[in-house]
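Asker: A structural model of the following input is requested.
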Amino acid sequence: MMEGHRTREQLNKKIAASREENAAYMNQVLPLKDSFDMIQRDIVIGGRMSSFYFIDGFTKDETMLKIMDSLMKVTKEDMPPDATRFSRECVPYVEVDVLGNFDQVMKNVLSGVTCVFIDGYEACIAIDCRTYPARSVEEPDKDKALRGSRDGFVETIVFNTALMRRRIRDPHLVMEMTEVGDSSRTDVAICYMSDRVDQELLKNVSNRIQAIQTDDLRMNQQSLAECLFKRKWYNPFPKFKFTERPDTAAACLLEGKVVILVDNSPSAMILPTSIYDMIEEANDYYFPTLTSVYLKVSRGLINLMTIFLTPVFLLFMQNLNWLPQVFAFVAVKDTVNIPLIWQLLLLEVAIDGLRLAALNTPSMLSTPLSVIAGLVMGEFSVASGWFNSEVMLYMAFVAVANYTQPNFELGYALKFMRLELLILTALFDWIGFAAGSILIICSICFNKTLSGRSYLNVKLN
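Answerer: Below you'll find the model as predicted:
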């Protein structure tokens, strides 16, 4: 650790006028001999020796070839007295910067920017002609919409900011770039509408990001989310909303929210977040008001049913005399070989097992294997007496209903609440059911967002 600290302090050293001294320092810090993709290219520009440093795979070869060809035509008489004038008069490219210390140089080189040292200049010229390996912009698999655009975020942060700029052509749209992580130095963009954002929230988010002390963001946005807000392990409800759709992110910006983009992550983090934001999806923005309200209400009711359906069923099966005559048909008719609570808990685990199996199965086989596994396990588990058909029916509804809301973390939060309610109901009957319901309500009501406001009420300017 001490060696790493010394290296970071040494990087603050200013660039010397001697090209040989600068090249010797770069060769000392960078593993040029050990890493095949780190390249040093020496050429003569205007009668002076110069050294190019770049990473193979990040540089556009054709662009760099044209730049070098132009630079090699510069004569000794045309050489400006300083690096700033040289970058303006002799470098035929758009994105050019002048760097004064090695900390900036190392960050740029390792990010893919080509850095040039010219003998006699006490600065480094950075030419940003990099290109990152990236997949094409396509509709995300998770956030699908019946209508609207079919593009989605990718792993390159510049592409993601451009997708939002394309939708919001307003000078008030601000995208601040910063970096997080001592080793990874991951790019993080804070996006907001300066005339609509809650300034207190924006200041809070910016201060939290600037105060992060971590070596790296190993899991990209998830690591950043954990650094921003230390969640309580006993409250599983998510603090942040994520989306892979640029149109959804743009709509949230226009509502006055803050959107955070992390390089190498194909999704946007939206702040602040309430329970109402969690159950929204892209289709709600594209349908008429009546239709979108109906979808939101039905989605909310289904989410409530995923929590309370099986615990209420268990409660009535433990107290059959409470069951109204009109609903007598829901009572279990077959012999119960295994207690209902164990049937429900086993099926909860089995459903997750099927989900994980489908996730790790090759795509061409996932659908048929899931159908076969569901049919075979469902049919024979009932026939063999392991499970009752009523229990299978209600758990099948719960498994399907979990996918009616787009947020993956919220789905598991609802699952944990359901498991808690099932166990308390089985142990303490109606008292446990009432206590579990109170715990669920408290988990939602007392869950605080990053802005410090209630999970049920997020106020915007």
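
Asker: what about the helices in the stretch 351-461 of the chain?
Answerer: For the stretch 351-461 of the chain, helices defined by DSSP state H, counting those that start in this stretch occupy the ranges 363-383, 389-401, 408-445.

Asker: can you flag the weakest of the ones you listed by average pLDDT?
Answerer: When these are compared by mean pLDDT, helix 363-383 comes last with a mean of 70.

Asker: follow-up on the earlier one: so which of the helices of the stretch 351-461 of the chain is nearest R150?
Answerer: Proximity to R150 (CB to CB) singles out helix 363-383 among the helices of the stretch 351-461 of the chain, at 19.8 Å. Where you see a C-beta, it was placed from the backbone N, CA and C, and this is true even at glycine.

Asker: part of a helix, is N235?
Answerer: No. Under DSSP: H, G, I helix; E, B strand; the rest coil, N235 sits outside any helix and is assigned coil.

Asker: residues near it, how many?
Answerer: Neighbour count of N235, defined by other CB atoms under 10 Å: 17.

Asker: ok, the one 10 residues further on next?
Answerer: Other residues within reach of R245, judged by other CB under 10 Å, total 27.

Asker: which of the helices or strands spans the spatially closest residue to T114 that is not a sequence neighbour?
Answerer: Beyond its immediate neighbours in the sequence, the residue positioned closest to T114 (CB to CB, 6 or more residues apart in numbering) is F54, lying 4.2 Å away. F54 is part of strand 48-55, with elements assigned from DSSP states H and E.

Asker: could I get the helices of the stretch 351-461 of the chain as TSV with mean neighbour count and distance to G256?
Answerer: Converted to TSV, the helices of the stretch 351-461 of the chain look like this (neighbours: other CB atoms under 10 Å; distance: least, CB to CB, whole Å):
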stretch	mean neighbour count	distance to G256
helix 363-383	13	40
helix 389-401	18	32
helix 408-445	17	22
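
Asker: V330 is nearest to which of those?
Answerer: helix 389-401 (6.9 Å).

Asker: from the contact counts, what lies against that closest one?
Answerer: Packing contacts for helix 389-401, counted by 3 or more CB pairs under 8 Å, 6 or more residues apart in numbering; DSSP states H and E, involve helix 289-318, helix 340-360, helix 363-383.

Asker: and the contacts of that helix?
Answerer: Residues outside helix 389-401 that contact it (CB atoms under 8 Å, 6 or more residues apart in numbering) are 302-303, 305-306, 309-310, 313, 330, 332-334, 340, 343-344, 347-348, 351, 378, 381-382, 418.

Asker: tell me what angle that helix forms with helix 340-360.
Answerer: Following axes from the mean of the first three to the mean of the last three CA atoms, to 10 degrees, one obtains 40 degrees for the angle between helix 389-401 and helix 340-360.

Asker: run the angle between helix 389-401 and helix 289-318 for me.
Answerer: Going by the same axes, to 10 degrees, helix 389-401 is angled at 150 degrees with respect to helix 289-318.

Asker: then helix 389-401 to CSV, C-alphas only?
Answerer: Written as CSV, here are the backbone C-alpha positions of helix 389-401 (Å, rounded to 0.1, in the frame of the first residue of the first chain):
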residue,chain,number,x,y,z
SER,A,389,-52.8,-28.7,-6.1
GLU,A,390,-54.1,-25.5,-4.4
VAL,A,391,-50.6,-24.7,-3.1
MET,A,392,-49.2,-25.2,-6.6
LEU,A,393,-51.8,-22.9,-8.1
TYR,A,394,-51.2,-20.0,-5.7
MET,A,395,-47.4,-20.3,-5.9
ALA,A,396,-47.6,-20.4,-9.7
PHE,A,397,-49.5,-17.1,-9.6
VAL,A,398,-47.0,-15.6,-7.2
ALA,A,399,-44.1,-16.7,-9.5
VAL,A,400,-45.7,-15.1,-12.6
ALA,A,401,-46.9,-12.0,-10.8
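
Asker: how near is the residue nearest to T114 to C115?
Answerer: Here F54 is placed at a distance of 7 Å from C115 (CB to CB, to the nearest Å).

Asker: common neighbours of those two, please.
Answerer: V109.

Asker: make TSV from the helices and strands packed on helix 389-401 and add distance to L424 to it.
Answerer: Shown next, in TSV, are these (distance: least, CB to CB, whole Å):
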stretch	distance to L424
helix 289-318	8
helix 340-360	11
helix 363-383	26
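
Asker: out of these, flag the one nearest D69.
Answerer: Minimum separation from D69 across those (CB to CB) falls at helix 363-383, 46.4 Å.

Asker: P311: how many residues sit nearby?
Answerer: P311 has 25 nearby residues by other CB under 10 Å.

Asker: thought it was touching R418?
Answerer: Yes. Contact criterion CB atoms under 8 Å: P311 and R418 qualify, at 6.7 Å.

Asker: name the residue most distant from the centre of this structure?
Answerer: Centroid-distance maximum for the chain: E77 at 52.3 Å, with CA atoms, centre = their mean.

Asker: what's the first helix or strand after the worst-scoring helix or strand of the chain on mean pLDDT?
Answerer: When the helices and strands of the chain are compared on mean pLDDT, DSSP states H and E, helix 2-11 comes out lowest with a mean of 48. For helix 2-11, the following helix or strand on the C-terminal side (DSSP H and E) is helix 19-29.

Asker: list the buried residues of that following helix.
Answerer: 19, 22-23, 25-26 (16 or more other CB atoms under 10 Å).

Asker: who's in contact with N360?
Answerer: For N360, the contact set (CB under 8 Å, 6+ apart) is empty.

Asker: per-residue confidence at it?
Answerer: We have a pLDDT of 76 for N360.

Asker: separation between it and L354?
Answerer: Taken as CB to CB, the span from N360 to L354 is 11 Å.

Asker: cool, L254 as well?
Answerer: On the measure of CB to CB, L254 and L354 end up 40 Å apart.

Asker: just Y234 next, same as before
Answerer: Here the criterion is CB to CB. By it, Y234 lies 27 Å from L354.

Asker: comparing the two, which shows the higher neighbour count?
Answerer: L354 (15 against 8).

Asker: in contact with the nearest residue to Y286 once chain neighbours are set aside: list those residues for me.
Answerer: Leaving aside its sequence neighbours, Y286 sits nearest to R147 (CB to CB, 6+ apart; 4.4 Å). Residues near R147 by CB under 8 Å, 6+ apart: 283, 286-287.

Asker: adding pLDDT and neighbour count, write the residues you listed out as JSON lines.
Answerer: Shown next, in JSON lines, are these (pLDDT from 0 to 100; neighbours: other CB atoms under 10 Å):
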{"residue": "N283", "pLDDT": "78", "neighbour count": "17"}
{"residue": "Y286", "pLDDT": "81", "neighbour count": "14"}
{"residue": "F287", "pLDDT": "82", "neighbour count": "15"}
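
Asker: from those residues, which is closest to A435?
Answerer: For the contacts of R147, the residue nearest A435 by CB to CB is N283; the value is 36.8 Å.

Asker: I'd say that closest one and A145 touch.
Answerer: Yes. Contact status for N283 versus A145: in contact at 5.5 Å, counting by CB under 8 Å.
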